[in-house]
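[1] Next one to model:
(2 chains)
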Number of protein chains: 2
Amino acid sequence: MLVLRKPYLLYLGDAVLKSDCKTAFGLRDWCGQDVIGEWSHPAAKVSLGLPRLSPAEAARQGARSIVVGIAPTGGVLPDYWQDDLEAALLAGLDAVSGLHTRLTSLPRLARAAERSGVRLVDVRNPPRAYPVGSGRKRTGRRVLTVGTDCALGKKYTALALTRALQSQGAAATFRATGQTGIMIAGSGIPMDALVADFLAGAAEALSPDNDPAHWDVIEGQGSLLHPAYAAVTLGLLHGSQPDAIVLCHAPDRVMIEEYPGYPIPPLPQVIEDYLRAGRLTNRSIRCVGVSINSSTLDDDAWRRYRAQLERELLLPVCDPLRGGVDAIAEALLAA
Amino acid sequence: MLVLRKPYLLYLGDAVLKSDCKTAFGLRDWCGQDVIGEWSHPAAKVSLGLPRLSPAEAARQGARSIVVGIAPTGGVLPDYWQDDLEAALLAGLDAVSGLHTRLTSLPRLARAAERSGVRLVDVRNPPRAYPVGSGRKRTGRRVLTVGTDCALGKKYTALALTRALQSQGAAATFRATGQTGIMIAGSGIPMDALVADFLAGAAEALSPDNDPAHWDVIEGQGSLLHPAYAAVTLGLLHGSQPDAIVLCHAPDRVMIEEYPGYPIPPLPQVIEDYLRAGRLTNRSIRCVGVSINSSTLDDDAWRRYRAQLERELLLPVCDPLRGGVDAIAEALLAA
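    Residues are numbered from 1 along each chain as shown, chains lettered A, B, ... in the order given. Alright, predicted model coming up:
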């Protein structure tokens, strides 16, 4: 498993648009206690509202890693970013990135990391081969967020559900399966970058045996309905052996995004497809709620949509950003 | 896609047991026209009954590759095998292997290959990253062999079905997805070694657009019922977009092998599970037959088993080794 060193200094490069800094804002919002400050190039126009600390100053205050919190246009890492990251490495920080360009592929950074005895961590890189899945039932409880499509709130829902469970007094751990999730959690496994044979085995390793009442809240990936990514979804589902799933959906999503000809079926059918597939490794799997990204609905439309869906599915329906997911956490703990 | 150079010289090392030489026998039986001879260490006790040719002599007769046709005990490549493979490389042959130990990891062989301008081909290594799946429907027809478990005849069935289709006058190509299949076909993609995100995309690349009446017969991998490997199976199923599946089964297999607690459900349910999953990328997918490895049944028991299954499923039931798969080929061409 990838394990990162916290606390973090968040790096914003020369960001002009907030929308390029989703990773940094996500880290600030979801693991703020692990972030001691921000740093950026003088040309940057974006701030997270955190203390501005040079890498050397951050290191003095206890930071262990600088995290690239911005996705550069075109994916290329500008030279002056490398200046900043090199300075951080030489100050004793690990450098952590989820960019397509691997930090380890940049000779300047590789040399600085070696000289300084610190690490370049590309969170897209799975650290090693995992054993193949065993199918053995593990102790402890697990809930997996699943989706009608990619990019509609599976990570966000899992994070919100972890907090809701904890605030209701349950022991709960967020388990990350994608790059931003891994940065937030400080550990995890990038499922989509694994060798296919080890998908289920890696998912088993991600949520090991635990106390009987402990909940692992596992970040879902892809969708069983997706013509390109369903395999990743299925391997994660089988290896997670979830006791429960939460279906994530956005009501404006009628087709798989960028895949015309792949309509999203009615939600009861989607839920049944997930349960059917999940029963292979956990016969008592059930769906405990639906998490909706309702940003395209006004308050009235959301109330109506939600009420109708709750009547149809007989399940709690929540938007983590519009009232939270307490009802889903309650349903999990009640069962 | 991996592409091998034929014809082959088959290498048997110091084999004592025929059972260690399954790859070599498979190549002799399934692509005999591409094999010009065999070579082995003087200590070997196994022969394929082919002309015995030294690597230099084989090269003179037109061989392009020496293929390791034996799985060594313990997986270690003995030194004197390396002598033979080095001689073959220096004689101008590629060396091809499906062993866990990569040929490219052996410095002696790497040096000889470079000096001689030939290739070390480890067929477990996928050659490159593929694009992600597009979900776009391709021209031509496709049939995929699927199974209730691993290792019960999916490759053999696909090879037999390719021949049966060809003998009935149809244009048909075997598409290999595992190492032995790739050696037989001379090209293919080792699905289980791919990065998970590219499974469906690679399967799409494996069976590209073709003539409307042409059949790609795609070698299946794993099983949707397998707690470790179902993801590979699903990615291959989605990317293949098969018009038809042939279910492979062995009647003595009541549990997934080495996975106690994972019983094999009744075949009608298995077929329905595959069709349900396959409909995502091909709505007219159907099952055209069942291929049985009946080696544990005597003639009477096989007749009874087959008659009962045909009545139950209303599909042709064949054993490729006991009467062939002509009935399945006919069912494919009739529809």
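[2] Tell me the residues on the stretch 51-200 of chain A that lie near chain B, please.
    Proximity of the stretch 51-200 of chain A to chain B, by Cβ under 8 Å from any Cβ of the partner chain, involves residues A:132-135, A:191-197, A:199-200. C-beta here means a position set from N, CA and C on the backbone, and glycine is covered the same way.
[3] report the angle between the axes of the strand or helix carrying A:D273 and helix B:267-278?
    A:D273 is part of helix A:267-278, with elements assigned from DSSP states H and E. Orientation note: helix A:267-278 sits at an angle of 120 degrees relative to helix B:267-278 (axes from the mean of the first three to the mean of the last three Cα atoms, to 10 degrees).
[4] helix or strand right after helix A:267-278?
    Remark: after helix A:267-278, the chain's next helix or strand is strand A:286-292, criterion DSSP H and E.
[5] what's the offset of that next one from the middle of its chain?
    Centroid separation between strand A:286-292 and its chain, computed with Cα atoms, centre = their mean, to the nearest Å, is 18 Å.
[6] Alpha carbons of it, in CSV - could you do that?
    C-alpha atoms of strand A:286-292 as CSV (Å, rounded to 0.1, in the frame of the first residue of the first chain):
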residue,chain,number,x,y,z
ARG,A,286,-27.4,-4.8,0.6
CYS,A,287,-27.9,-1.3,-0.6
VAL,A,288,-28.3,1.1,2.3
GLY,A,289,-28.9,4.4,0.5
VAL,A,290,-28.4,6.6,-2.5
SER,A,291,-26.1,9.6,-2.7
ILE,A,292,-27.2,12.3,-5.2
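[7] partners of it, with directions?
    Using DSSP bridges, strand A:286-292 pairs in its sheet with strand A:244-249 (parallel), strand A:317-318 (parallel).
[8] mind listing the helices for chain A?
    Taking DSSP state H to define them, one finds helices in chain A at A:22-30, A:55-60, A:79-90, A:107-116, A:154-167, A:179-185, A:199-206, A:230-240, A:267-278, A:299-313, A:326-334.
[9] Go ahead and confirm A:L12 touches A:A43.
    No: counting by Cβ atoms under 8 Å, A:L12 stays clear of A:A43, with 10.4 Å between them.
[10] More neighbours: these two, which one.
    A:L12 (24 against 10; other Cβ atoms under 10 Å in any protein chain shown).
[11] which stretches of the stretch 101-250 of chain A have low pLDDT?
    A:127-128 (pLDDT under 70).
[12] Turn the helices of chain A into a markdown table, including mean neighbour count.
    Below are those laid out as a markdown table (neighbours: other Cβ atoms under 10 Å in any protein chain shown):
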| stretch | mean neighbour count |
| --- | --- |
| helix A:22-30 | 19 |
| helix A:55-60 | 19 |
| helix A:79-90 | 19 |
| helix A:107-116 | 15 |
| helix A:154-167 | 23 |
| helix A:179-185 | 25 |
| helix A:199-206 | 26 |
| helix A:230-240 | 29 |
| helix A:267-278 | 18 |
| helix A:299-313 | 13 |
| helix A:326-334 | 19 |
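[13] how about stretch A:248-255: buried residues?
    A:248-251, A:253 (16 or more other Cβ atoms under 10 Å in any protein chain shown).
[14] Could you point out which of those residues is nearest to chain B?
    Nearest to chain B among these is A:R253, at 15.8 Å by Cβ to the nearest Cβ.
[15] any idea how far the closest one lies from A:F25?
    The gap separating A:R253 from A:F25 is 23 Å, by Cβ to Cβ, to the nearest Å.
[16] Please determine how far A:S65 is located from chain B.
    26 Å (Cβ to the nearest Cβ, to the nearest Å).
[17] What pLDDT is listed against that residue?
    As predicted, A:S65 sits at a pLDDT of 98.
[18] need the contact list for it.
    If you count contacts by Cβ atoms under 8 Å, 6 or more residues apart in numbering or on different chains, A:S65 has them with A:4-9, A:93-96, A:121.
[19] redo that, cut-off 7 Å
    Residues counted as contacts of A:S65 (Cβ atoms under 7 Å, 6 or more residues apart in numbering or on different chains) are A:4-6, A:8, A:93-94, A:96.
[20] what sits up against stretch A:272-288?
    For stretch A:272-288, the surrounding residues in contact (Cβ under 7 Å, 6+ apart) are A:135, A:146, A:224, A:234, A:237-238, A:241-247, A:271, A:315, A:328, A:331-332, A:335, B:225, B:227, B:230.
[21] Swap in 8 Å and give it another go.
    For stretch A:272-288, contacts defined as Cβ under 8 Å, 6+ apart pick out A:135, A:137, A:143, A:146, A:224-225, A:234, A:237-239, A:241-247, A:265, A:271, A:313, A:315-316, A:328, A:331-332, A:335, B:225, B:227, B:230, B:262, B:273, B:276.
[22] leaving aside the residues next to it on the chain, what's closest to the residue in chain A sticking out farthest from the centre?
    Using Cα atoms, centre = their mean, the residue of chain A lying farthest from its centre is A:R115. It sits 32.0 Å away. The shortest distance from A:R115 to any non-neighbouring residue, by Cβ to Cβ, 6 or more residues apart in numbering or on different chains, is to A:L90 (7.2 Å).
[23] Next, count neighbours for A:D216.
    24.
[24] same deal with the one 10 residues further on?
    Residues contacting A:H226 under the criterion other Cβ under 10 Å number 26.
[25] pretty sure it is touching A:Y259, no?
    Yes: with contact defined as Cβ under 8 Å, A:H226 counts as touching A:Y259 (7.3 Å).
[26] can you list the domains in chain A?
    Annotated domains of chain A cover A:2-122, A:141-334 [automatic domain parsing].
[27] would you list those domains in TSV and tack on distance to B:T177?
    Formatted as TSV, the domains of chain A follow (distance: least, Cβ to Cβ, whole Å):
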stretch	distance to B:T177
domain A:2-122	28
domain A:141-334	11
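[28] Who are the contact partners of A:P320?
    Shown in contact with A:P320 (Cβ under 8 Å, 6+ apart): A:153, A:156-157, A:160-161, A:291.
[29] Please identify which pair of these lies farthest apart.
    Maximum pairwise distance among these (Cβ to Cβ): 11.0 Å, between A:G153 and A:L161.
[30] what do these two both touch?
    Common contact partners of A:G153 and A:L161 (Cβ under 8 Å, 6+ apart): A:145, A:320.
[31] Neighbours of the nearest residue to A:G37 once chain neighbours are set aside, how many?
    Counting by Cβ to Cβ, 6+ apart, A:G37 lies nearest to A:L53, which is 3.7 Å off, once chain neighbours are set aside. A:L53 sits with 18 neighbouring residues when counted by other Cβ under 10 Å.
[32] Let me see the residues that make contact with stretch A:49-60.
    A:9-10, A:28, A:35-40, A:61, A:63, A:66, A:84, A:87-88, A:91-93.
[33] mind redoing it with 10 Å?
    Contact with stretch A:49-60 is made by A:7-11, A:24, A:28, A:32, A:35-40, A:61, A:63-66, A:84-93, A:95, as judged by Cβ atoms under 10 Å, 6 or more residues apart in numbering or on different chains.
[34] how close does A:S116 get to B:N282?
    54 Å.
[35] do A:A63 as well
    52 Å.
[36] neighbour-wise, which of these two wins?
    Legend: neighbour count by other Cβ under 10 Å for A:A63 and B:N282, higher for A:A63 (29 against 18).
[37] how about the nearest residue to the more buried one once chain neighbours are set aside, what does it touch?
    Closest residue to A:A63 apart from its sequence neighbours, by Cβ to Cβ, 6+ apart: A:L9 at 4.5 Å. A:L9 makes contact with A:35-39, A:50-51, A:53-55, A:57-59, A:61, A:63-67, A:69, A:88, A:91, A:93, according to Cβ under 10 Å, 6+ apart.
[38] again with A:L4
    Neighbours of A:L4 in contact, by Cβ under 10 Å, 6+ apart: A:34, A:64-65, A:67, A:94, A:96, A:119, A:121, A:123, A:182-188.
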